[in-house]
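Chemist: I would like to see how this sequence folds:
(one chain, ligands or ions: 3)
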Amino acid sequence: MKTNKLRFDWKIAEIEAIYNLPLPELMFKAQTLHREFHRTDEIQGCQLLSIKTGGCPEDCGYCPQSAHYKTGLEREQLLSVEKTLEAAQNAKNSGATRFCMGAAWRSIPDGEQFDRVIEMVKGVRSLGLEACCTLGMLTQDQALKLADAGLNAYNHNLDTSPEFYGSIISTRTYDDRLKTLANVRKAGVTVCSGGIIGMGETLNDRYGLLQQLAVQNPHPESVPINQLVKVEGTPLQDEKSLDVFDFVRMIATARILMPASMVRLSAGRLQLSDEAQTLCFLAGANSIFMGEKLLTTPNPESDRDRNLLHKLGMKLFSDAKYRTA
Ligand code: SAM
Ligand code: DTB
Ligand code: SF4
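Modeler: Ligands and ions are numbered 1, 2, ... in the order given. Below you'll find the predicted structure:
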């Protein structure tokens, strides 16, 4: 890997300058770095599964799964290992190479439920898929146990800038988030961390989020960029829609700041035309979530994704070997 190209000292003014470049310049820089570190004809397909749904004690203002808001979402206890592995096998059959299990927990309780998740991770790995979990806050001991089970990645998003964070979530702090990321890193599990745009944040908040991610050494290996999915009943249900070009600029800037990382075009694809998604790929996004559901909200149908990739002459990764560059 060309690690001498990676920087961990990004300043807000530099990030601002990149984000606001004339679009052709921004895209050129993003593409130049993208092709140095990654193939440009392939993206990774990931599949999400909500293994424990709803009833979450946290108050994240965007989230349909928070118990603080009436979103009409049906709660579900932790799935069985069998059901989870059935979904993982289906994901593999449809071309995904990474399987991400999400749970609406503030933190994962030790005991039978933790042990069950360990079995899920082992099972997903034995299918030849990369295994990723997102289960809320994690202690060092839990992170080490997940690492022993073969977990490849842990998703824990910073979501936004430290300054805006308190307007979106009050039940945990930015430092709590960073602490879990440090526990994950120390356990030798790769870090998946990104955020959401379209929540009413300022441009400075977007630069602030990108800075928090890009000054981590090493960079998160995986950076999901989500567009807010507006869910009725959440405090952000009436938020103004995001301009597509802001999404493209965010992805391109993430690609430039963290060139070796996977940049994932995550929630919000249903709101994007094929052309807009293509701009995101050209800006350096090299992964999508596949399947008709994200965790609880809809996602484009598989046929539409297949057709789009085919039209673009692109394909999904054919193996699950963890790629850094
Ligand atoms: N409870 C765990 C946590 O918060 O870390 C794991 C599951 S949580 C649903 C995973 C991530 O999904 C959140 O950090 C957030 O970035 C993203 N997310 C949740 N609701 C969303 C929405 N309506 N639109 C976009 N992204 C969303
Ligand atoms: C991430 O950044 N986005 C995914 C994944 N990590 C876990 C989750 C998106 C959730 C969107 C809302 C829902 O479907 O519930
Ligand atoms: Fe709970 Fe995660 Fe949703 Fe926040 S984002 S309410 S922690 S499920």
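
Chemist: for the stretch 1-150 of the chain, which residues are neighbours of ligand 1?
Modeler: The stretch 1-150 of the chain has residues 62, 63, 65, 102, 104, 105, 134, 136 near ligand 1, with proximity defined as CB under 6 Å from any ligand atom. Bear in mind the C-beta positions are built from the backbone N, C-alpha and C, glycine included.

Chemist: for those, pick the one with the most neighbours.
Modeler: Within these, neighbour counts (other CB atoms under 10 Å) peak at residue 104, which reaches 27 neighbours.

Chemist: quick check: it vs ligand 3, distance?
Modeler: 4 Å (CB to the nearest ligand atom, to the nearest Å).

Chemist: same deal with residue 186?
Modeler: Taking CB to the nearest ligand atom, one finds residue 186 at 22 Å from ligand 3.

Chemist: now the strands for this protein?
Modeler: 42-52, 98-103, 130-134, 153-155, 190-192, 195-197, 222-227, 262-265, 287-290, 315-316 (DSSP state E).

Chemist: and the last one, which strands flank it?
Modeler: Taking DSSP bridges as the criterion, strand 315-316 pairs within the sheet with strand 42-52 (parallel).

Chemist: and what of the fourth one?
Modeler: Within its sheet, and counting by DSSP bridges, strand 153-155 is paired with strand 130-134 (parallel), strand 190-192 (parallel).

Chemist: is any residue of the shortest one near ligand 2?
Modeler: No - between strand 190-192 and ligand 2, judged by CB under 6 Å from any ligand atom, nothing touches; the nearest distance is 7.1 Å.

Chemist: touching ligand 3 at all, that strand?
Modeler: No - counting by CB under 6 Å from any ligand atom, ligand 3 has no neighbours in strand 190-192; the shortest distance is 13.9 Å.

Chemist: for this structure, what are the low-confidence residue spans?
Modeler: Along the chain, segments meeting pLDDT under 70 span 1-3, 320-325.

Chemist: how about the residues of it near ligand 2?
Modeler: 48, 64, 100, 102, 134, 155, 157, 194, 224, 226, 229, 266-267, 294-297.

Chemist: for those, which PyMOL command selects only the ones that are buried?
Modeler: Here is the PyMOL selection string for the buried members of those, based on 16 or more other CB atoms under 10 Å:
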select buried, resi 48+64+100+102+134+155+157+194+224+226+229+266+267+294+295+296
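
Chemist: ok, whatever residue of the stretch 151-300 of the chain ends up closest to ligand 3 - contacts?
Modeler: Going by CB to the nearest ligand atom, ligand 3 is nearest to residue 169 of the stretch 151-300 of the chain, at 6.9 Å. Applying CB atoms under 8 Å, 6 or more residues apart in numbering, we find residue 169 in contact with 58, 59, 60, 61, 159.
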